[in-house]
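Enquirer: Need a 3D model of the following:
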Amino acid sequence: MLKQIAAFPGVLEMLPGGGEQDFFGKEIWQQLRAVDADGWVMPDAAALAGAKACRQVLDASPIDPQRMLYVAGQAPATPVGLVLDGAGKGGKIRILASARGDGRVPWATGIPAGVPVWYLPAEHGSLADHAPSFPALLELLQSGYSSRLPQTPPVALRGIEEHFELPDEELTMFPDDKELASAALGAFRHKAESTEKHRVRVSVSHGNLRYARHPVAVGHYQGDTIISAEDYLDRVLDGRLRVRHRLGLYPGQADTAEVFLNPQGKPGGAIVVGLGKAGELTPGKLSSSFARAVLMYSAAVAECELYPVEGTGQGRRSATLTTLLIGTGAGGLSVPDSVSAILRGVAQANRVLVESRYGDRVLIDEVEFLELYEDLAIQIARSIAAIGAEGDLADQFAFEDRIVDVPGGRQRVTFAEAPGWWRRLQILADDDGALRFSALTDRARAEVSLQPTQRALVDRFVEQSITRTATDRQLSTTLFELLLPNRLKEQTPDRQHLVLVLNEDAARYPWELLQDRERPLAVEAGIVRQLETEVFREKINLTARKTALVVGDPPSDQIELPGAQKEARMVAETLAGHEYKVTSRIGREADADAVIKALFADGYRVLHLAGHGVYDQVVAAHRQFCDDCGTVHQCPGHRVTGMVLGTGLFLTPTEIGQMRQVPELVFINCCHLGRIEGFETRHKLAANLATQLIRMGVRAVVAAGWAVDDEAASVFAREFYQQMLSGAMFGQAVLTARRRIYEEYPEVNTWGAYQCYGDPDFALVSREGTVEPTSQCKTFYAATEVVSELRNIASDAYSVSTDEVEGLLKQVRLIEERLPAPWLEMASVRSALGRAYGQLDDFEPAIRHYRAVLAADPADFPVKSIEQLANLQIRWGTALLRSEAKPVGDQPKPADLIDEGRRQLELLLQLGVTVERLSLMGSACKRAAMVSTEDERNSALAAMIDYYRQAHELARKQTGSVDPYPLLNWLVGLQLADLRNKSRKAKAALGAWLGEVEKVADERDDREPDFWNGVVRTECLLVRHLAAGDLADHRQEIIDGYLGVFRRGATPKELRSVVEHLEFLIALLDGEAQQPLRSVLSEVRDQIVSPLK
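Expert: Okay, the predicted model is just below:
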């Protein structure tokens, strides 16, 4: 048979070439035959020579990458080499293999250079027979592109060697036709699976990140700061993300990831996926990066003893994760592409786990997509349904067909990018003079060019714009028309924030000056710059201390700059006012020696330079006295760019680069009005200095591009620093400062002179506990928009800290102030206002609006509004009674508020009995018991017990399960009655119900994590030990339980409810015998309130 095969045309031509052995020569075959003579057939020398000639022709044939695609298969082992251990009959032949191939052809030698590649999860002989990949193959044939297959090699587990000995195959004693055909074609001979294929559960939740069920996967672009979802996860995980970021270990590049486990917390950790540079992400890259991240997470779960093992014995661990949409928005991916890429990454990770036999220890069992906005959650659900219907991934996933609502979800009437979203526009200047524009964050990416013949004309107007300081709207409009392609001009009315990604040649243009219509683009929306550069300092050492160096107008042979000195003093005072340790070198104190010594005396977070500057200036050869040796040296001429420190002395990026600790923020103003010469180079100076500083690792650079008005420059600097030091992000601070000087100094173009480089989300102050400033109210065109916005603010109350409540209240008040009168008469608007105020615990306006709802005509409001009105009145009345404050003005009496609330609830109970209404009545009686006298207190306690019992029984009858809230309150009431009456009637009820309450609450918290489900276990702990009489021994356990739930997120109303519950217990345990219990409960209350203040 071998003789026949060796003579078959085309067989020898497929021999491997280019390796250590020459398989087209006789020597290797003779060596093989000498080692193993049995069965070897020597190829004919002429046939080998002919095969070699044929291969040389094929290898020399040109390949057109525009007309060829390559689909690479995947197999656990592909032969890649041959090793002879010894010679002659005592030797041994070993075949080397690699995991990087399709079982027959290695990727390294089989994939032609320059040809686009897609990776298909099948072996060599099954590439054209892999049904799940048929849709992708069809797309490749029809369009030459598909996002259904990754374009990066599959991820392998760390530890697998590059080359290993080819494992022996298990041979079937009696192969069937299919197995014989598979062997001939190089396909894997699949055995019948004895168990059902593993399927990953996939669900979609709509709500806030605080209520994620599992460790949360988020994406991070290279060079970005930690904001938004990452910022929240960092706070929950005690700053662990930022620690990695400061150490330079944080993911950013594609195919990097980091895992932060929090196995006993909620959420259970963070999985940060590196996405590479913004604008370069593709579905294939996201799939590959996500697979690597999931593999790292799976390995961490397998190694963590705190994760339970399934079943008994040596069972595997279950890895579950929550993921946000990744790559949409700034990444430019559509929702379906993002969802598909994430699921393909999970499937790829599970496949690697199984093939490496690591799947015996851990597998991905569940993926939850969590989305804040309802419309996007619906898009995710539809995308998942489409993926399931196609069949490509259907056999690997089990898809839930309903969206789960968790607290904090938002809605919107129309789609809009989230406020603060920055669109990225890449502008590259080519060597031939053309400008190329590419919208990196648009889903439909189109590239347009400016013809090189226009450069001379453009440069002429650029020179005019930077050699004058007066505002010239006609010139700004002319530059707008000349510099921007028409397709981009059509998008300018959108007024979106822009990040201009520029190369060094494109950075010299005054993009901030461009103006369309009435106001400049840089004033209408934020514009910041980023540099397209591959040169960065590898290790960046920043300082976290509040330190700053301010240099103003060093003495030199040039004219003195009073404006620069005034600006420097103002900046120093501003920084010092925010607790910065400021080193100032201004005027005569800023000689070259003093500045350089100060530069290296400490690490600085902020560096501010104001004075004369030079760009590429020739410093002539000169003689200079040397202080060290006491002789005069001849100094050669050279070119220099930087700040003037004295005659022939300059502060350049070289000196700043020698600082051990690189500043985070550098502000350069070397262009004061009427004080410098050489206007035509000022914009080049700004661009050059910014380029060098960004390469060194400076996070944000502000540099004046041409002469600025002294007064306007001082206002810009003051406003910019005030914003940054108050917690604003870089992009917003720049926009606010530009707007202010544009409005106060409209006659000068200083607003457009500042070129601001960096991440728009960079902040000097920690974002925790801050709310974005709302300088202007949204414009609403329909009442439904108002209702949606107010509902979202009410939902936001689930996720903000107590410090942020005032910011949300300001937003609600601003909306209310600007509502048209007809809209205020609408029940839907009033109800939304009442809900927003009520959720933020501002009782008076909430009750006022809810009362207006009852009088609305038409009465198109939900009955829920009456329930909320009654509850708020009772809560406010109780709060007023407990504060013992006298009513102010028209403020109602506390007793009247409570009575009215109870009457409304009784009326609702006459209309229909529900668990919610019975529970609200129980709550009303509970509050009445807190503020009543002895006899009334006992009566109110008895009523509370009865209402909560009815609510519990109704819930159990309707659902077949217990509702923890009414049941726990019923048990608490019984226990308090026992303690007050010195009886033991509650003992039997406690033993029967507490275990079931904990079980149900834990199941709910795992399925739908929220505050109330999370706090139940601690409440049960408190009741159990209150009944057992050993509360003092478990006080710390109870305190830790409350604080753990609080850290997950709680509204002010939820926090107050817990505190009021403890104060209710304290108030009802009013006997002398209960003094020890009161003391313990008071300590618990104080301990959980203290960290929240």
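
Enquirer: so is P76 in a helix, a strand, or just coil?
Expert: Here P76 is coil, with the state taken from DSSP: H, G, I helix; E, B strand; the rest coil.

Enquirer: Just give me the neighbour total for it.
Expert: 15 (other Cβ atoms under 10 Å). Where C-beta positions appear, they are placed from N, C-alpha and C, glycine not excepted.

Enquirer: Same question for the one 4 residues further on.
Expert: One way to gauge burial is a neighbour count; for V80, by other Cβ under 10 Å, it gives 22.

Enquirer: How about G526?
Expert: That count, for G526 with other Cβ under 10 Å as the rule, works out to 26.

Enquirer: With L84 instead?
Expert: By the criterion of other Cβ under 10 Å, L84 has 15 neighbours.

Enquirer: Pretty sure it sits against V35.
Expert: Yes - using Cβ atoms under 8 Å, L84 is in contact with V35, at 6.3 Å.

Enquirer: Could you pull out the residues contacting both of those two?
Expert: Shared contacts of L84 and V35 (Cβ atoms under 8 Å, 6 or more residues apart in numbering): G91, K92, I93.

Enquirer: Closest one to F397 out of those residues, please.
Expert: Using Cβ to Cβ, I93 comes nearest to F397 of the shared contacts of L84 and V35, at 44.1 Å.

Enquirer: Quickly find the element holding that closest one.
Expert: For I93, the host element (DSSP states H and E) is strand 92-98.

Enquirer: Which parts of this protein belong to which domain?
Expert: 2-73+102-167, 200-405, 422-531, 547-758, 772-862, 961-1093 (automatic domain parsing).

Enquirer: rank the ones you listed by pLDDT, which is bottom?
Expert: Ranked on mean pLDDT, the bottom entry among those is domain 422-531, at a mean of 72.

Enquirer: buried residues in stretch 646-665?
Expert: Of the residues in stretch 646-665, 646, 649-653, 655-656, 659, 661-665 count as buried by neighbour count, 16 or more other Cβ atoms under 10 Å.

Enquirer: so which two of those are the farthest from each other?
Expert: The most widely separated members of the buried residues of stretch 646-665, counting by Cβ to Cβ, are G646 and E664 (27.7 Å).

Enquirer: so where do the strands sit in the stretch 601-750 of the chain?
Expert: Taking DSSP state E, counting those that start in this stretch, the strands of the stretch 601-750 of the chain run over residues 606-610, 613-619, 622-625, 632-635, 638-646, 649-651, 665-669, 700-704.

Enquirer: Report the strands that pair with the shortest one, each with its relative direction.
Expert: In other words, strand 649-651. strand 638-646 (antiparallel) (DSSP bridges).

Enquirer: Show me which parts of stretch 375-386 are buried, residue by residue.
Expert: Buried, per 16+ other Cβ under 10 Å, within stretch 375-386: L376, A377, Q379, I380, A381, S383, I384.

Enquirer: which one among these gets closest to R937?
Expert: Nearest to R937 among the buried residues of stretch 375-386, counting by Cβ to Cβ, is A377 at 47.1 Å.

Enquirer: SS state for V273?
Expert: At V273 the chain is in strand, as set by three-state DSSP.

Enquirer: Please verify my assumption that it contacts P251.
Expert: Yes - counting by Cβ under 8 Å, P251 is a contact partner of V273 at 6.7 Å.

Enquirer: list the residues that contact both of the two?
Expert: Both V273 and P251 are in contact with H220, A257, A293, where contact means Cβ under 8 Å, 6+ apart.

Enquirer: ok, the closest residue to the second one other than its chain neighbours to V204 distance?
Expert: For A257, the nearest residue in space outside its immediate sequence neighbours is A293; the separation is 3.5 Å by Cβ to Cβ, 6 or more residues apart in numbering. The spacing between A293 and V204, counted by Cβ to Cβ, to the nearest Å, is 20 Å.

Enquirer: for L609, same thing?
Expert: Taken as Cβ to Cβ, the span from L609 to V204 is 52 Å.

Enquirer: Pull the contacting residues for Q515.
Expert: R473, S476, T477, L479, F480, L521.

Enquirer: How much space separates it from R424?
Expert: Per Cβ to Cβ, Q515 is found 21 Å from R424.

Enquirer: mind putting the shared contacts of L84 and V35 in a markdown table, neighbour count and distance to R1017 included?
Expert: Below are the shared contacts of L84 and V35 laid out as a markdown table (neighbours: other Cβ atoms under 10 Å; distance: Cβ to Cβ, whole Å):
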| residue | neighbour count | distance to R1017 |
| --- | --- | --- |
| G91 | 14 | 69 |
| K92 | 10 | 64 |
| I93 | 13 | 65 |
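
Enquirer: Closest one to A1032 out of those, please.
Expert: Here the nearest of the shared contacts of L84 and V35 to A1032, counting by Cβ to Cβ, is K92; it sits at 75.6 Å.

Enquirer: longest single helix anywhere in the protein?
Expert: Secondary structure of the chain read by DSSP state H shows that its longest helix is helix 934-959.

Enquirer: Next secondary structure element downstream of that one?
Expert: Next along the chain after helix 934-959, taking DSSP H and E as the criterion, comes helix 964-981.

Enquirer: CA-only coordinates of that following helix in CSV, if you can.
Expert: Extracted in CSV, the C-alpha atoms of helix 964-981 (Å, rounded to 0.1, in the frame of the first residue of the first chain):
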residue,chain,number,x,y,z
PRO,A,964,-39.7,37.4,54.4
TYR,A,965,-40.8,41.0,55.1
PRO,A,966,-44.2,40.6,56.7
LEU,A,967,-43.2,37.3,58.3
LEU,A,968,-40.1,38.7,60.0
ASN,A,969,-42.1,41.7,61.3
TRP,A,970,-44.8,39.4,62.6
LEU,A,971,-42.2,37.4,64.5
VAL,A,972,-40.5,40.5,65.8
GLY,A,973,-43.8,41.8,67.1
LEU,A,974,-44.5,38.5,68.8
GLN,A,975,-41.1,38.4,70.4
LEU,A,976,-41.5,42.0,71.7
ALA,A,977,-44.9,41.2,73.1
ASP,A,978,-43.4,38.3,74.9
LEU,A,979,-40.6,40.4,76.4
ARG,A,980,-43.0,43.1,77.4
ASN,A,981,-45.5,40.6,79.0
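
Enquirer: Of all the residues in that helix, which ones are buried?
Expert: So for helix 964-981, counting by 16+ other Cβ under 10 Å, buried means 964-980.

Enquirer: As a check, name the ranges of all helices in the stretch 701-850 of the chain.
Expert: Using DSSP state H, counting those that start in this stretch, the helices assigned to the stretch 701-850 of the chain run over residues 710-725, 730-744, 783-796, 805-817, 821-824, 827-839, 843-854.
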